[in-house]
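Undergrad: Next comes the sequence, and after it the predicted model I'd like to discuss.
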Amino acid sequence: MTDISRRTIVKGSVLAAALAAAPAAANASSFRAGRSGIPLVRNRLTLPSGIATGDVTSDSAVLWSRASAAGRMTATFRAVDDGGTALSGRGAFERTLRGPRATQASDFTAKIHASHLPANTRFALEISFEDDGGAAGETVKGTFRTAPDAGTFNGEGRTGGDLPRSYAQSFVWTGDTAGQGWGINEEIGGMRGYRAMHNTRPDFFIHSGDTVYADGPIAETVVEKDGQVWRNLVTEEISKVAETLTEFRGRHRYNSLDANMRAMFADVPVIAQWDDHETHNNWYPGQIIDDPRYTVRDVNTLAARGRQAWQENMPIADSSALWRPGTFDDGGHYQPARIYRKIPRGPQLDVFCLDMRTFKSPNTDGKEAHATSILGQEQVDWLIREVSKSKATWKVIAADLPLGIIVPDGPVNEESVSNRDPGAPLGRELEIAGVLSAFKRNRVKNVVWLTADVHYCAAHHYSPERAAFTDFDPFWEFVAGPIAAGSFGPNPMDGTFGPEVVFAKAGRFPGESPRDGENQFFGHVQLGEDDSFIASLRNANGATLFSQVLTPER
């Protein structure tokens, strides 16, 4: 028999899907009789993309998976100790939920929003699908932990002092998966950064955007600068830029082929953001892209398809994000439902997940005398209101674009907030200045900004003592990424908000491959029993490069 590599097998996405759907075992429910009376094999449903949980709070979680064909999702979860043994007595909890039917209309993805869960509890999770004949399919196992309860501690109100050990939590964040043509290379162990994050045993993971690179084809082989040959797994949908809904969906299917990602998502809840590469590099609403690789030049059309594929594949809880394609305003502009949201994580932490793409103004030089949009007024009002009334010790703002890093879009225009002018705020900076001054006015303490996007890691301290704009309180911004993409940076900084680069680490040259893991980065935060916030920046080999301990202002 001719030896066929897995890389060759997955070249055809249809063949890959067929292989994923093949029966893992035969049983009585896997057969039905044909007209001749001869049993016909019915392939049981499989879960080719694994399972995931997301937006997990103290009492709720979103459960996600994809079936190999049409079927109804079922999830069973039970409370367990850290060793995986089911709890008994007062701690016992077990529930089975039947979810929606996965169909071709959702690319066979389905979600269950589980609510009324006990706080600070680890669950063993099993997800499967039943076919239309009632036959049970493959079961995939995972786990997740709900957040601590913000209101009580073992039934008693918090009175000060250290938190109980069981209430401390940790999380990781990064961005940028399968970019610049660097896909899944099984010769080096696949996307090893996901394994490094998983090994820290975090309570949740923030993916800060660029969850896929819909605008970046992935070839079977790439010759690196030093002559080594990088070998990618490939599928049909990643051979060109994504324009059709099928091609956008194929990007998410591709990433889930990585065993490291599947293992982590089965065990670690996700808080997902989107940025530009889920659609097209540096896009903004209303743009007509000038890219010869595309037959569809209207970015609104591409964004609608990219958003649908992204949302089908992300375990998002916010009911307002139950989006359907084809929603436009009176002017014909694409208007998706909001995905900015707050994820409460107990008395120590609230996570505010921003959307810095949907409401973005066109990329210009950023020097307009009037405010231009990066968040939009509705999101600005929401952010100020929700952060100001938060009772959590730490308010983490998960941003998909950095604040002070200069991110050019060509020789003149700017992609992010900054505008290469260290003076008073202009353009998009005015919107951010309004947010920062509102936090100061409302006496908000302990705000930390986390982001990715620029393909290197850094720690920035912002202070009015160094700034042209001074009406704000000092704060930290930590940058991490990429996790599986080409390296870039470091970039120059804009001085409007007084950033100091305390630490920065980039790859050796632009576009460097992730081969050795030294130029791939993620961030890790440990919330201490004393309410400390310990932020560290690490590479894909798990080495800690920088650490900063923050103590809360009371």
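TA: Now that the structure is in, tell me what you want to look at.

Undergrad: CA atoms for contacts and neighbours, from now on please.
TA: Noted.

Undergrad: Please, where are all the helices along the stretch 1-150 of the chain?
TA: For the stretch 1-150 of the chain, the helices defined by DSSP state H, counting those that start in this stretch occupy 6-9, 13-21.

Undergrad: worst average pLDDT in those?
TA: Ranked by mean pLDDT, the helices of the stretch 1-150 of the chain bottom out at helix 13-21, which scores a mean of 42.

Undergrad: R95 reaches A79, doesn't it?
TA: No. Using Cα atoms under 8 Å as the test, R95 is too far from A79 to be in contact (9.3 Å).

Undergrad: So for these two, which sits in the more crowded spot?
TA: A79 (25 against 12; other Cα atoms under 10 Å).

Undergrad: all strands of the stretch 201-350 of the chain, in order?
TA: Under the criterion DSSP state E, counting those that start in this stretch, the stretch 201-350 of the chain contains strands at 204-207, 221-223, 229-231, 270-272, 341-344, 349-353.

Undergrad: Turn these into TSV, columns for distance to E429.
TA: Rendered in TSV, the data for the strands of the stretch 201-350 of the chain read as follows (distance: least, Cα to Cα, whole Å):
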stretch	distance to E429
strand 204-207	24
strand 221-223	39
strand 229-231	41
strand 270-272	25
strand 341-344	22
strand 349-353	19
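
Undergrad: Just give me the neighbour total for the closest residue to Y340 other than its chain neighbours.
TA: Among residues not flanking Y340 along the chain, L354 sits closest, at 4.8 Å (Cα to Cα, 6 or more residues apart in numbering). Per other Cα under 10 Å, the neighbour tally for L354 reads 23.

Undergrad: swap in A135?
TA: 18.

Undergrad: same thing with G89?
TA: Neighbours of G89 using other Cα under 10 Å come to 6.

Undergrad: Any stretches of the protein with poor pLDDT?
TA: 1-42, 150-167, 318-336 (pLDDT under 70).

Undergrad: Find the residue at the geometric middle of it.
TA: Central residue check for the chain by Cα atoms, centre = their mean: the C-alpha nearest the mean position is that of H207, 2.5 Å away.

Undergrad: For V80, give the beta-bridge partners.
TA: A86, R122 (DSSP bridges).

Undergrad: What is the neighbour count of it?
TA: Neighbour number of V80 under other Cα under 10 Å is 22.

Undergrad: for the stretch 401-550 of the chain, what spans make up the strands?
TA: Counting by DSSP E, counting those that start in this stretch, the strands of the stretch 401-550 of the chain are 408-409, 413-414, 447-451, 457-462, 475-479, 499-505, 521-527, 533-539, 544-550.

Undergrad: could I get the ones you listed as a markdown table with distance to T46 and mean neighbour count?
TA: Shown next, in a markdown table, are those (distance: least, Cα to Cα, whole Å; neighbours: other Cα atoms under 10 Å):
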| stretch | distance to T46 | mean neighbour count |
| --- | --- | --- |
| strand 408-409 | 43 | 18 |
| strand 413-414 | 45 | 20 |
| strand 447-451 | 35 | 22 |
| strand 457-462 | 38 | 23 |
| strand 475-479 | 37 | 22 |
| strand 499-505 | 42 | 18 |
| strand 521-527 | 31 | 25 |
| strand 533-539 | 34 | 23 |
| strand 544-550 | 38 | 15 |
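
Undergrad: do you know which of those lies nearest A398?
TA: With Cα to Cα as the measure, strand 447-451 is the member of those nearest A398 (5.0 Å).

Undergrad: Do a quick rundown of the helices in the stretch 301-450 of the chain.
TA: Remark: helices assigned in the stretch 301-450 of the chain by DSSP H, counting those that start in this stretch are 377-389, 428-441.

Undergrad: and those, which is most packed in?
TA: The highest mean neighbour count among these, using mean count of other Cα atoms under 10 Å, belongs to helix 428-441: a mean of 20.

Undergrad: got the CA coordinates for that one in CSV?
TA: The C-alpha trace of helix 428-441 is given here as CSV (Å, rounded to 0.1, in the frame of the first residue of the first chain):
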residue,chain,number,x,y,z
ARG,A,428,-9.4,58.8,17.2
GLU,A,429,-7.2,59.8,20.2
LEU,A,430,-10.0,62.2,21.2
GLU,A,431,-12.4,59.3,21.8
ILE,A,432,-9.9,57.5,23.9
ALA,A,433,-9.0,60.7,25.8
GLY,A,434,-12.7,61.1,26.7
VAL,A,435,-12.8,57.5,28.1
LEU,A,436,-9.6,58.0,30.2
SER,A,437,-10.7,61.4,31.6
ALA,A,438,-14.2,59.9,32.5
PHE,A,439,-12.5,57.1,34.4
LYS,A,440,-10.5,59.7,36.4
ARG,A,441,-13.6,61.9,36.9
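
Undergrad: which secondary structure elements does that helix contact?
TA: Secondary-structure packing of helix 428-441 (3 or more Cα pairs under 8 Å, 6 or more residues apart in numbering; DSSP states H and E): helix 377-389.

Undergrad: before we move on, the earlier item: indicate which one of the helices of the stretch 301-450 of the chain is closest to D298.
TA: Closest to D298 of these, according to Cα to Cα: helix 428-441, at 23.7 Å.

Undergrad: So what touches stretch 409-425?
TA: Stretch 409-425 has contacts (Cα atoms under 8 Å, 6 or more residues apart in numbering) with 282, 363-367, 374, 401-408, 426, 428-429, 432-433, 468-469, 493-496.

Undergrad: Quick check: buried residues in it?
TA: For stretch 409-425, a neighbour-count test (16 or more other Cα atoms under 10 Å) marks 409, 413-422, 424-425 as buried.

Undergrad: Same check on stretch 280-290?
TA: Neighbour-count burial for stretch 280-290, counted by 16+ other Cα under 10 Å, picks out H280, N281, N282, W283, Y284, P285, G286, I289.

Undergrad: Now which of the contacts of stretch 409-425 would you call buried?
TA: Counted by 16+ other Cα under 10 Å, the contacts of stretch 409-425 give 282, 363-367, 374, 401-408, 426, 428-429, 432-433, 469, 493-496 as buried.

Undergrad: What are the contacting residues of stretch 486-495?
TA: 179-180, 182, 404-407, 418-423, 454-456, 466-468, 499, 504-507, 509-514, 519-520.

Undergrad: Repeat the analysis, applying 6 Å as the threshold.
TA: Stretch 486-495 is contacted from outside by 180, 404-406, 420, 422, 455, 506-507, 510-513, using Cα atoms under 6 Å, 6 or more residues apart in numbering.

Undergrad: before we move on, what about stretch 103-110?
TA: Contacts for stretch 103-110 (Cα under 6 Å, 6+ apart): W64, S65, R66, A67, A70, A102.

Undergrad: does D55 really touch I271, like I thought?
TA: Yes. Counting by Cα atoms under 6 Å, D55 does reach I271; the two are 5.4 Å apart.

Undergrad: Would you mind telling me which of these two has the busier surroundings?
TA: Between D55 and I271, D55 has the larger neighbour count (other Cα under 10 Å), namely 28 against 23.

Undergrad: what sits against the more buried one?
TA: D55 touches I271, A317, counting by Cα under 6 Å, 6+ apart.

Undergrad: With L426 as the reference, measure out to it.
TA: To L426, D55 is 35 Å away according to Cα to Cα, to the nearest Å.

Undergrad: And T372, by the same measure?
TA: Using Cα to Cα, T372 is found at 8 Å from L426.

Undergrad: Could you do G189 as well?
TA: The value you get for G189 to L426, if Cα to Cα is used, is 46 Å.

Undergrad: go on, A480?
TA: For A480, the distance to L426 - Cα to Cα - is 27 Å.

Undergrad: I figured P217 hits S239, correct?
TA: Yes. At 5.1 Å, P217 counts as touching S239 under the criterion of Cα under 6 Å.

Undergrad: what's the burial count for V241?
TA: 20.

Undergrad: Contact partners for it?
TA: Going by Cα under 6 Å, 6+ apart, V241 touches A214, D215, G216, P217.
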